[in-house]
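Trainee: just coords:
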């Protein structure tokens, strides 16, 4: 008993002697007349700038940022970091999800972090062209009243110049209405507004900073900001917003109009939720790391600067070696490039419940990687494939809809390429094995209105190509399975099947079944949607997709989050495609 009391006394003494530091709340309010960076950051005496307000935050603290346009470069490293000869002090970390550092917009406000500055001092140059002299920054973006101008010529590091296919013109002589040109030698910035007006009578913003917000700490929550305008390609091919470290949260942020990648996510177990990464020069999201979650985000209208889409461009480009990634409820649309692209050494990635449409590449592209689960997605009217598995293995493609894409609904292809240290033990060739294509809807892919119009010399025109391609026969390309799918094409269209890229061709479903054993339970039928013209792809009453699919564990939930009908009977079946019907079963 004495021993117990002694232990309790020691614990009580330790608690009483522990120097507890209470969490604090601070404020930044740029537009408040009382705001000053000499203030303590209280509600009555707020700071003026975010950099001042962020200084000294510790675990548990909250910084509220009120409305304003914050023309600052927010870089928060975990240790001293030298960028552009500016040494930034280390930023603290939270200690748990219950004890995070929180940086958030004041409720109802939408503070803006921007990499651009307001520019005045324009002088007439010639005709409708105006010049800003003594301009020291190699700016890659100019905005007039919020609308971006066309860049003429432009200079960046050679690493970026080579794949940059959007360079237009060579000199001031190539300027046109709605454009700008920077003379890097004379340090003069020229603009020609769309209506020939005087830029001095408009709001002119020019990107001058590389980073908008860069974080390399743990357990930090950032919420509610608009971030825009950055010129990072004058230095490196990085993103202007970076979330690194571990267990951080970025939520309800709108990141737009940077000259390269909007957001990069690295480190481990970071969560990006309800954020938009649209209108970026190259792509919306990049990065790597492990354990990240992208929930209900959007990457649309990216690659406006027209980089090579085979290099790095589009809605999402995760490269390399990302693992244990969840992307759910994502929208990727109208990107010049692929909608969602995971490339090189990725493992255990889930893309589900997402929309990928009107992209100039594939809807979802999984390359040189393993163990993807691609389920309950709708990929429609992309110029490329619905889902493209390129030298990828052990992937599940379950209960998706592929509707009117320009190329095949699904193409799983393992071409003869080597990628040390991965690949087959003897040849080092990257294999494509153990992929499962199950319970999907294929409707009018290789669409005549969207596909390439000319044959490539090895085949008939592109609209005669397959809905489905599986890997060709090779000793490491084993275990690929396709079944319980619904195939549908408009009248008078042929529907072949392939193994490999032009390697083995099968004239129709019957020959495909008899010679490969695949799709023995699949059907050719009109799936009957509620209203396809309005993009309502839920199954209508009487749809042949209802009750067609032998259940697989990976497909037990539908796109709306409903549990598919699980019954302990031999005739239990799921519905093909992303949705279970709303009608009584």
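Mentor: That came in fine, so what should we check first? All values reported here derive from a predicted model rather than from experimental measurement.

Trainee: List the contacts of the closest residue to residue 303 other than its chain neighbours.
Mentor: Closest residue to residue 303 apart from its sequence neighbours, by Cβ to Cβ, 6 or more residues apart in numbering: residue 336 at 3.8 Å. Where you see a C-beta, it was placed from the backbone N, CA and C, and this is true even at glycine. Contact analysis of residue 336 by Cβ atoms under 8 Å, 6 or more residues apart in numbering lists 302-304, 306, 309, 313-314, 359-360.

Trainee: Of those, just the buried ones, PyMOL syntax please.
Mentor: Of these, the buried ones can be selected in PyMOL as follows, counting by 16 or more other Cβ atoms under 10 Å:
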select buried, resi 302+303+304+306+309+313+314+359+360
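
Trainee: Just give me the closest of the contacts of residue 336 to residue 259.
Mentor: Residue 259 has its nearest neighbour among the contacts of residue 336 in residue 304, at 9.3 Å by Cβ to Cβ.

Trainee: Quick one: distance of stretch 264-283 to the chain centre.
Mentor: Its chain's C-alpha centre and that of stretch 264-283 lie 6 Å apart, by Cα atoms, centre = their mean, to the nearest Å.

Trainee: Going by neighbour count, list what's buried in that stretch.
Mentor: For stretch 264-283, a neighbour-count test (16+ other Cβ under 10 Å) marks 264-268, 270-273, 275-283 as buried.

Trainee: hmm, back to that, can you put the contacts of residue 336 in JSON lines and add secondary structure and distance to residue 27?
Mentor: Shown next, in JSON lines, are the contacts of residue 336 (DSSP: H, G, I helix; E, B strand; the rest coil; distance: Cβ to Cβ, whole Å):
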{"residue": "302", "secondary structure": "coil", "distance to residue 27": "35"}
{"residue": "303", "secondary structure": "coil", "distance to residue 27": "39"}
{"residue": "304", "secondary structure": "coil", "distance to residue 27": "36"}
{"residue": "306", "secondary structure": "coil", "distance to residue 27": "43"}
{"residue": "309", "secondary structure": "coil", "distance to residue 27": "45"}
{"residue": "313", "secondary structure": "coil", "distance to residue 27": "40"}
{"residue": "314", "secondary structure": "strand", "distance to residue 27": "39"}
{"residue": "359", "secondary structure": "coil", "distance to residue 27": "42"}
{"residue": "360", "secondary structure": "coil", "distance to residue 27": "45"}
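
Trainee: How many neighbouring residues does residue 49 have?
Mentor: Other residues lying near residue 49 total 19 when counted by other Cβ atoms under 10 Å.

Trainee: Next: residue 109.
Mentor: For residue 109, the tally of surrounding residues (other Cβ under 10 Å) stands at 16.

Trainee: contacting residues for it?
Mentor: 65-67, 224.

Trainee: Quick one, which of these are buried?
Mentor: Here, 16+ other Cβ under 10 Å leaves 65-67, 224 buried among the contacts of residue 109.

Trainee: where do the helices sit along the stretch 1-150 of the chain?
Mentor: For the stretch 1-150 of the chain, helices defined by DSSP state H, counting those that start in this stretch occupy the ranges 2-17, 50-54.

Trainee: least reliable of those going by mean pLDDT?
Mentor: In terms of average pLDDT, helix 2-17 trails the rest of the helices of the stretch 1-150 of the chain, at a mean of 48.

Trainee: hang on, the earlier thing: pLDDT and distance to residue 393 added to the contacts of residue 109, as TSV?
Mentor: As requested, the contacts of residue 109 are exported to TSV (pLDDT from 0 to 100; distance: Cβ to Cβ, whole Å):
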residue	pLDDT	distance to residue 393
65	98	46
66	98	51
67	98	51
224	98	41
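
Trainee: Could you tell me the end-to-end distance of stretch 465-476?
Mentor: End-to-end distance for stretch 465-476, by Cα to Cα, to the nearest Å: 25 Å.

Trainee: So for it, what gets flagged as buried?
Mentor: Buried residues in stretch 465-476, counted by 16+ other Cβ under 10 Å: 465-472, 474, 476.

Trainee: Grab the most central residue of the protein for me.
Mentor: residue 316 (3.1 Å; Cα atoms, centre = their mean).

Trainee: Residue 175 is in contact with residue 152, isn't it?
Mentor: Yes: the criterion here is Cβ atoms under 8 Å, and residue 175 meets it with residue 152 at 5.4 Å.

Trainee: overlap in contacts of the two?
Mentor: 169, 181.

Trainee: Next one, pLDDT for residue 79 please.
Mentor: pLDDT, read off for residue 79, is 69.

Trainee: So which of the contacts of residue 336 is the closest to residue 229?
Mentor: Residue 229 has its nearest neighbour among the contacts of residue 336 in residue 304, at 13.3 Å by Cβ to Cβ.

Trainee: mind checking how far the closest one is from residue 357?
Mentor: Going from residue 304 to residue 357 by Cβ to Cβ, to the nearest Å gives 18 Å.

Trainee: now swap in residue 527 and tell me
Mentor: Distance, residue 527 to residue 357, using Cβ to Cβ: 18 Å.

Trainee: Between these two, which is the more surrounded one?
Mentor: residue 527 (25 against 22).

Trainee: possible to save the buried residues of stretch 465-476 as a markdown table with distance to residue 134 and secondary structure?
Mentor: Output for the buried residues of stretch 465-476, formatted as a markdown table (distance: Cβ to Cβ, whole Å; DSSP: H, G, I helix; E, B strand; the rest coil):
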| residue | distance to residue 134 | secondary structure |
| --- | --- | --- |
| 465 | 57 | coil |
| 466 | 60 | coil |
| 467 | 60 | coil |
| 468 | 61 | strand |
| 469 | 58 | strand |
| 470 | 62 | strand |
| 471 | 60 | coil |
| 472 | 62 | coil |
| 474 | 63 | coil |
| 476 | 62 | coil |
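
Trainee: Which one of those residues is nearest to residue 569?
Mentor: Nearest to residue 569 among the buried residues of stretch 465-476, with distances taken as Cβ to Cβ, is residue 468, at 29.9 Å.

Trainee: my read: that closest one touches residue 413, true?
Mentor: No: Residue 468 is not in contact with residue 413 according to Cβ under 8 Å; the separation is 11.4 Å.

Trainee: need the contact list for the closest residue to residue 23 other than its chain neighbours.
Mentor: Excluding its sequence neighbours, the residue lying closest to residue 23 (Cβ to Cβ, 6+ apart) is residue 60, at 3.3 Å. Listed by Cβ under 8 Å, 6+ apart, the contact set of residue 60 reads 22-24, 94, 99-101.

Trainee: Now residue 60: phi and psi?
Mentor: Residue 60 adopts backbone torsions of phi 90, psi -20, taken as degrees, to the nearest 10.

Trainee: do the same with residue 483
Mentor: phi -170, psi 170.

Trainee: Tell me how many other residues surround it.
Mentor: By other Cβ under 10 Å, the residues close to residue 483 number 18.

Trainee: what's near enough to touch it?
Mentor: Neighbour list for residue 483: 437-438, 518-522, 550 [criterion: Cβ under 8 Å, 6+ apart].

Trainee: got it, and residue 445?
Mentor: Contacts of residue 445 by Cβ under 8 Å, 6+ apart are 385-386, 402-409, 467.

Trainee: Now rank these by neighbours and give me the top one.
Mentor: Among those, residue 386 has the most neighbours (other Cβ under 10 Å), with 34 neighbours.

Trainee: pLDDT score for that one?
Mentor: With respect to pLDDT, residue 386 scores 98.
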